[in-house]
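Asker: Show me the folded form of this:
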Amino acid sequence: MIKKLLLLLTITAVSLFAMNFQTASKEDLMSIKGIGEKRATAIIKYRKTHKLKSAADLKAIPGIGDEIADNAKKGIKNSEKKVTKAKKSTKKAVKAKKEKVADKTKAKTTKKLKETKAKKTKKTKKTAGDKTKRAEAKAKKKAKKSLKKAKAKKLKK
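Answerer: Here you go, the predicted model:
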């Protein structure tokens, strides 16, 4: 009778603390003793194409053996220090990704500003060039008129 009661309590405790490996977060997976960042990533990658119904299914993943699968089954956890460290590294990765996106956006904006500035400069130079050409043409016409007048005066004399 006592054995049955202990067995029932054990099964209840295991089922209460059992983790759903198909939906567990990286931090949840890393909380299991023997699973670090690389193995957690491997589990997440593996479950995209395979179903993980129990801890025994973890054995199919390279790098995870009987001991880790048993730890997962029994719910043996890592110390809190390691999990906190994993969360920090995940936060750093997210921050780095945000900074990278911000840098790309800044680079695009800078590039667009430079292109716009270059177009304006080119347009200004073209306009200035057109004005210069018009002024030169006008000066040539004036010079021709002056020459014609000078010739006309010489012929009259």
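
Asker: how far away is Met19 from Leu58?
Answerer: Met19 is 11 Å from Leu58, where distance means Cβ to Cβ, to the nearest Å. No exception for glycine: its C-beta is placed from N, CA and C like everyone else's.

Asker: got it, and Ala137?
Answerer: Distance from Ala137 to Leu58, by Cβ to Cβ: 85 Å.

Asker: rewinding a little: what do Met19 and Leu58 both touch?
Answerer: Common contacts of Met19 and Leu58, defined by Cβ atoms under 8 Å, 6 or more residues apart in numbering, comprise Ala72.

Asker: So for these two, which sits in the more crowded spot?
Answerer: Between Met19 and Leu58, counted using other Cβ atoms under 10 Å, the more crowded position is Leu58 (27 against 16).

Asker: Correct me if wrong: the more buried one contacts Leu52.
Answerer: Yes. Using Cβ atoms under 8 Å, Leu58 is in contact with Leu52, at 6.8 Å.

Asker: which neighbours do these two share?
Answerer: Phe21, Ile43.

Asker: Tell me the buried residues in the helix or strand harbouring Ile44?
Answerer: For Ile44, the host element (DSSP states H and E) is helix 37-47. Judged by neighbour count using 16 or more other Cβ atoms under 10 Å, the buried positions of helix 37-47 are Glu37, Arg39, Ala40, Ala42, Ile43, Tyr46, Arg47.

Asker: Tell me, what's the model's pLDDT at the second one?
Answerer: The reference is to Arg39. Per-residue pLDDT puts Arg39 at 91.

Asker: Got the confidence number for the residue lying closest to it once chain neighbours are set aside?
Answerer: Counting by Cβ to Cβ, 6 or more residues apart in numbering, Arg39 lies nearest to Gly63, which is 5.7 Å off, once chain neighbours are set aside. Gly63 carries a pLDDT score of 87 in this model.

Asker: can you check Ile32 too?
Answerer: Here the pLDDT value assigned to Ile32 is 88.

Asker: if I look at it, how far off is Ala93?
Answerer: From Ile32 across to Ala93, the span is 21 Å (Cβ to Cβ).

Asker: With neighbour numbers in mind, choose between the two.
Answerer: Ranked by neighbour count (other Cβ under 10 Å), Ile32 and Ala93 place Ile32 first, with 27 against 11.

Asker: which residues touch the more buried one?
Answerer: When contacts are counted by Cβ under 8 Å, 6+ apart, Ile32 touches Met19, Ile68, Asn71, Ala72, Gly75, Ile76, Lys77, Asn78.
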